[in-house]
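Undergrad: Structure for the following, please:
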Amino acid sequence: MAARIDHLVTSGTFSLDGGTWEVDNNVWIVGDDSEALVIDAAHDADAIAAAVGDRRLVAIVCTHAHNDHIDAAPALAARTGAPVLLHPDDLPLWKRTHPDREPDGELADGRVLTVAGTELTVLHTPGHAPGAVCLYAPSLATVFTGDTLFQGGPGATGRSFSHFPTIIDSIRERLLSLPPETVVRTGHGDSTTVGAEAPHLQEWIDRGH
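TA: So this is what the prediction gives:
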């Protein structure tokens, strides 16, 4: 059986630089009937574990370490035995939320994760956060972008650890080079496609200056 993509929305808060905001997060689960991989364990370990069901969880992948994307990761790992994977450049952010619990493994650009016979390639896409990554699954014609690229533009770069020119470079070089029909599954909000977003790159650059 080919891998499928399950989608869960969880709600909680995002906190950084002294502010806290209510947010809804997309949690993506890639797998088949026997095993699965979770992208961004946000807010609610119980709900995510219920969506995984009795499947073996092979990994909990963090697209970046803002608290709203990782707050449920340790609890989900404790329940399932799955390793939490994070790019090491985001460790300073991770430690703000989980000072006493390190991730279990490192994500690196080009690393390939496999679940249910489906390969997901790690693309290091800094800008929204130093260790932000996207996961490209060509066989599913999908890229999971976390908070790097949304429908309508790049992720926010107005807070600590973020940088607008860097996120633009990441999007231009790593994401807009993917096939235009590639579905962009985001960390918040609706999905889009590479082809729908690519024509607007110059607008984003002009708007960001």
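Undergrad: what's the nearest residue to residue 166 if we skip its chain neighbours?
TA: Distances taken as C-beta to C-beta, 6 or more residues apart in numbering put residue 127 closest to residue 166, at 4.0 Å, once the chain neighbours are dropped. Using the backbone N, CA and C atoms, a C-beta is placed for each residue, glycine as well.
Undergrad: got it, and residue 170?
TA: In space, residue 170 is closest to residue 125, 3.8 Å off (C-beta to C-beta, 6+ apart).
Undergrad: show me what contacts residue 47?
TA: Counting by C-beta atoms under 8 Å, 6 or more residues apart in numbering, residue 47 touches 8, 10.
Undergrad: cool, and residue 11?
TA: Shown in contact with residue 11 (C-beta under 8 Å, 6+ apart): 22-25, 43-44.
Undergrad: what about burial for these, which qualify?
TA: Buried members of the contacts of residue 11, scored by 16 or more other C-beta atoms under 10 Å, are 23, 25, 43-44.
Undergrad: buried ones in whichever helix or strand residue 76 is part of?
TA: Using DSSP states H and E, residue 76 falls within helix 73-80. In terms of neighbour count (16+ other C-beta under 10 Å), helix 73-80 has its buried residues at 73-74, 76-77, 80.
Undergrad: how about those residues in a markdown table, adding pLDDT and distance to residue 35?
TA: Shown next, in a markdown table, are the buried residues of helix 73-80 (pLDDT from 0 to 100; distance: C-beta to C-beta, whole Å):
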| residue | pLDDT | distance to residue 35 |
| --- | --- | --- |
| 73 | 98 | 18 |
| 74 | 98 | 21 |
| 76 | 98 | 15 |
| 77 | 98 | 16 |
| 80 | 97 | 11 |
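Undergrad: could I get those residues as TSV with distance to residue 169?
TA: TSV is the format used below for the buried residues of helix 73-80 (distance: C-beta to C-beta, whole Å):
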residue	distance to residue 169
73	28
74	32
76	32
77	32
80	36
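Undergrad: Closest one of the residues you listed to residue 144?
TA: When the buried residues of helix 73-80 are compared for distance to residue 144 (C-beta to C-beta), residue 73 comes out closest, at 15.5 Å.
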